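Engineer: attaching a predicted model along with its sequence, questions to come.
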Amino acid sequence: MRTSRTTRRLGGAVLAVVASALPLVAQEAPPGRTTTLAFTHATIIDVESGRRLANMTVVADGDRIRTIGPSSSVSVPSDARVIDAAGKYLLPGLWDMHVHAAVPWLGDLFLPLLVANGVTGVREMFSQSQWVDSSRARIRSGRLVGPRIVASGHILDGSPPVWPGSVSVRNADEARHAVDSLKAAGADFIKVYSRLTPEEYRAVADESKRVGLSFAGHVPTLMTVTEASDAGQRSIEHLTGVLTGCSTREQEVLAEIAAAAASTKGWDSVGALSRAQAPGILATFDVARCTTLARNLAKNGTWMVPTIAVLHSISFLDDTTLAGDPRMRYIPPMMASGWNPRSDFRFRSMTAQNWATRRAVFTKQLEIVTLLHREGVRFLAGTDLSNPYIYPGFSLHDELASLVAAGFSPLEALRSATIDAARFLGAADSLGSVAMGKRADLLLLDADPLADIRNTTRIAVVVAAGRVYDSAARERMLADEQKAARSRPGSK
């Protein structure tokens with residue numbers, strides 16, 4: 001197996017992320033861990049039952065919830081920091097289940113912004129073990145504000161890999177050894193990627209199961225969604241392969257791609273071929289076939305992380321008005337410059353017709369999300385942070401709104417970022433809901449998210465691992481990170 005040692009690409013921007021060359025700026029956390037914290041007179045959102053529990057008091061000791069009960073009967077400790085939550089709504093902190101943030105210098109900017117937006121946990125989908133370990137240690141010590149991190153470490157891809165910095169394998173034996181090495185380095189799961197051959201992929205699946213790791217990520221380009229689901233892939237990101245799986249041309253499309261990948265031009269020819277195939281795939285979309293696919297995904301317990309926010313942004317990347325989003329103030333100029341489609345190897349050769357087709361694909365993908373949800377496929381909220389026009393923490397709220405627009409109830413959308421994220425991670429005994437004994441990862445809102453999912457943006461207080469960030473602290477964090485974005489490498 002082979003690993004690029006120095007660089008990786010994020011969001012199409014060619015970022016020279018060399019740990020020894022870029023500063024790791026230590027940031028002092030806002031208020032430190034509170035020994036005892038009490039929310040009084042809150043309305044708890046029970047994300048499991050969907051009930052609103054009015055006039056409740058929640059007492060946390062350190063980073064654990066110790067007492068929950070009616071405010072009339074709960075005795076608040078005399079040394080507690082008391083937050084009057086009358087008229088407000090208390091729910092578990094949110095999870096973004098697809099980010100790229102535990103990276104030198106970028107993490108110093110993005111991890112605090114996630115917390116400021118109520119995101120208290122993330123699934124890191126491409127980093128390096130030492131970067132993840134460093135981020136976790138600094139967050140635990142209070143030197144950096146950040147969420148809990150569950151991480152894959154390197155991507156595991158075929159040869160040549162799509163992204164520098166991936167672990168690249170050339171056969172089944174290398175694939176098995178790569179799984180072992182990633183586990184030894186501390187990977188919480190294996191992220192599979194697009195250029196794994198079916199033989200390599202099956203070796204990854206078998207070895208992951210043998211060593212007790214789940215595997216998730218892209219459906220390899222040379223495989224079907226059904227094959228990946230049947231092999232036990234835990235989650236599928238970005239709906240990879242699903243639209244093709246809903247087409248009556250699926251086998252023909254895969255055969256054409258396999259022939260192109262095996263040609264003298266290799267994988268370099270596949271991008272153009274895929275763009276050429278898209279209109280035919282759209283024209284042969286079959287609802288009955290898609291329904292059968294969905295039912296198989298539901299039967300196998302394969303989760304979907306559609307990352308609707310990034311599917312939208314990369315479908316409208318030629319729209320210059322995107323750069324006018326006020327949240328661009330939190331994006332370092334060097335990164336923002338890479339969001340020009342002419343700067344990204346994935347998009348620079350696209351024509352106006354290609355962009356029109358991509359937007360048609362996006363519309364169909366939204367229909368597919370609705371269909372999969374209707375057939376009982378389980379979903380997780382993720383944004384693909386670090387890709388174009390995805391904003392740390394902010395875009396997760398967009399993702400929840402997009403799920404509701406696709407037919408989810410506000411409660412179902414909330415579950416995708418709370419209790420269902422915890423269940424997926426095998427951590428529902430300690431995370432994902434407001435319950436006694438669980439971790440004090442909490443979000444206090446000024447308005448009811450069950451009435452309007454956009455109310456998740458009306459944040460009053462965030463509690464991450466027992467540390468309290470009230471409105472004043474959050475405003476300081478947002479101001480500090482806006483300033484920090486302008487001072488990052490490449491800024492003027």
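Structural biologist: The structure has been received and is ready for your questions.
Engineer: quick check: closest non-adjacent residue to the residue nearest to the spatial centre of the chain.
Structural biologist: Central residue of the chain (CA atoms, centre = their mean): residue 98, 1.6 Å from the mean position. Spatially, and ignoring its direct neighbours in sequence, residue 98 is nearest to residue 382 (2.9 Å; CB to CB, 6 or more residues apart in numbering). The C-beta positions use only the backbone N, C-alpha and C, and glycine is treated the same way.
Engineer: any idea which element that neighbour lies in?
Structural biologist: Remark: residue 382 resides in no helix or strand, with elements defined by DSSP states H and E.
Engineer: just give me the neighbour total for it.
Structural biologist: 30 (other CB atoms under 10 Å).
Engineer: quick check on it: phi, psi?
Structural biologist: Dihedral angles of residue 382 (phi, psi; degrees, to the nearest 10) stand at phi -150, psi 160.
Engineer: check residue 315 too.
Structural biologist: Taking degrees, to the nearest 10, you get phi -90, psi -20 for the backbone angles of residue 315.
Engineer: next one: residue 153
Structural biologist: The phi/psi pair for residue 153 (degrees, to the nearest 10) reads phi 80, psi -140.
Engineer: equivalent analysis for the one 3 residues further on, please.
Structural biologist: Taking degrees, to the nearest 10, you get phi -110, psi 110 for the backbone angles of residue 156.
Engineer: bridged to the residue nearest to it when sequence neighbours are not counted, which residues?
Structural biologist: Distances taken as CB to CB, 6+ apart put residue 167 closest to residue 156, at 5.1 Å, once the chain neighbours are dropped. Counting by DSSP bridges, residue 167 is bridged to residue 3, residue 156.
Engineer: so residue 167 touches residue 179, yeah?
Structural biologist: No. The pair residue 167 / residue 179 is not scored as a contact, 9.3 Å apart, by CB atoms under 8 Å.
Engineer: list residues touching both of these two?
Structural biologist: In terms of CB atoms under 8 Å, 6 or more residues apart in numbering, residue 167 and residue 179 are both contacted by the residues residue 156.
Engineer: compare the two (neighbour count), which wins?
Structural biologist: Per other CB under 10 Å, whichever of residue 167 and residue 179 has more neighbours is residue 179, with 28 against 25.
Engineer: nearest residue to the more buried one other than its sequence neighbours?
Structural biologist: Residue 179's closest residue in space is residue 207 (CB to CB, 6+ apart), at 4.1 Å.
Engineer: what's the answer for residue 368, then?
Structural biologist: Using CB to CB, 6+ apart and skipping the chain neighbours, the partner closest in space to residue 368 is residue 242 (5.9 Å).
Engineer: which residues does residue 64 contact?
Structural biologist: With contacts defined as CB under 8 Å, 6+ apart, residue 64 is in contact with 437, 438, 439, 440, 466.
Engineer: and the gap between it and residue 104?
Structural biologist: According to CB to CB, to the nearest Å, residue 64 stands 32 Å off from residue 104.
Engineer: what about residue 211, neighbour count?
Structural biologist: Per other CB under 10 Å, the neighbour tally for residue 211 reads 15.
Engineer: flag every buried residue along stretch 52-70.
Structural biologist: Of all the residues in stretch 52-70, those buried under the rule 16 or more other CB atoms under 10 Å are 53, 56, 57, 58, 59, 60, 61, 63, 65, 66, 68.
Engineer: part of a helix, is the last one?
Structural biologist: No. Note on residue 68: no helix contains this position according to DSSP: H, G, I helix; E, B strand; the rest coil, which reports strand.
Engineer: surely it is in contact with residue 42?
Structural biologist: No. Using CB under 8 Å, residue 68 is not in contact with residue 42, being 9.8 Å away.
Engineer: what's the overlap in contacts for the two?
Structural biologist: By CB under 8 Å, 6+ apart, residue 68 and residue 42 have these common neighbours: 56, 57, 58.
Engineer: pairing partners for the helix or strand where the second one lies, with directions?
Structural biologist: Under the criterion of DSSP H and E, residue 57 resides in strand 52-61. Sheet pairing here is set by DSSP bridges, and for strand 52-61 it gives strand 36-45 (antiparallel), strand 64-70 (antiparallel).
Engineer: can you say which of the ones you listed is nearest to residue 395?
Structural biologist: strand 36-45 (21.5 Å; CB to CB).
Engineer: hmm, who's touching that closest one?
Structural biologist: Contacts of strand 36-45 (CB under 8 Å, 6+ apart): 52-61, 68, 71, 76-77, 79-91, 414, 434, 440, 442, 444, 448-450, 463, 466, 468.
Engineer: only whichever of these are buried, select them in PyMOL.
Structural biologist: The buried residues among those can be selected in PyMOL (16+ other CB under 10 Å) with this line:
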select buried, resi 53+56+57+58+59+60+61+68+71+80+83+85+88+89+90+91+414+434+440+442+444+449+450+463+466+468
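Engineer: restricted to helices, list the contacts of strand 36-45.
Structural biologist: Members of the contacts of strand 36-45 lying in helices (criterion: DSSP state H): residue 414.
Engineer: correct me, but residue 235 touches residue 301?
Structural biologist: No. Residue 235 sits out of contact with residue 301 when judged by CB under 8 Å, with a separation of 10.0 Å.
Engineer: so residue 139, which of the three states?
Structural biologist: Here residue 139 is recorded as helix under three-state DSSP.
Engineer: same deal with the one 10 residues further on?
Structural biologist: Per three-state DSSP, the secondary structure class of residue 149 is strand.
Engineer: show me what it is bridged to.
Structural biologist: For residue 149, the beta-bridge partners are residue 122 (DSSP bridges).
Engineer: can you report how many residues neighbour it?
Structural biologist: Residues within reach of residue 149, counting by other CB under 10 Å, total 21.
Engineer: Provide a list of residues in contact with it.
Structural biologist: Applying CB under 8 Å, 6+ apart to residue 149 gives the contacts 102, 121, 122, 124, 132, 135, 136, 139.
Engineer: verify the assumption that residue 269 is located in a helix.
Structural biologist: Yes. The assignment for residue 269 is a helix, going by three-state DSSP.
Engineer: once you drop chain neighbours, what's closest to it?
Structural biologist: With sequence-adjacent residues excluded and distances taken as CB to CB, 6+ apart, residue 269 is closest to residue 260, at 4.7 Å.
Engineer: how about the one you found, what does it touch?
Structural biologist: Counted by CB under 8 Å, 6+ apart, residue 260 has contacts 269, 270, 273.
Engineer: ok, residue 408 next?
Structural biologist: Going by CB under 8 Å, 6+ apart, residue 408 touches 373, 379, 416.
Engineer: now do the SS call for it.
Structural biologist: Under three-state DSSP, the three-state class of residue 408 is coil.
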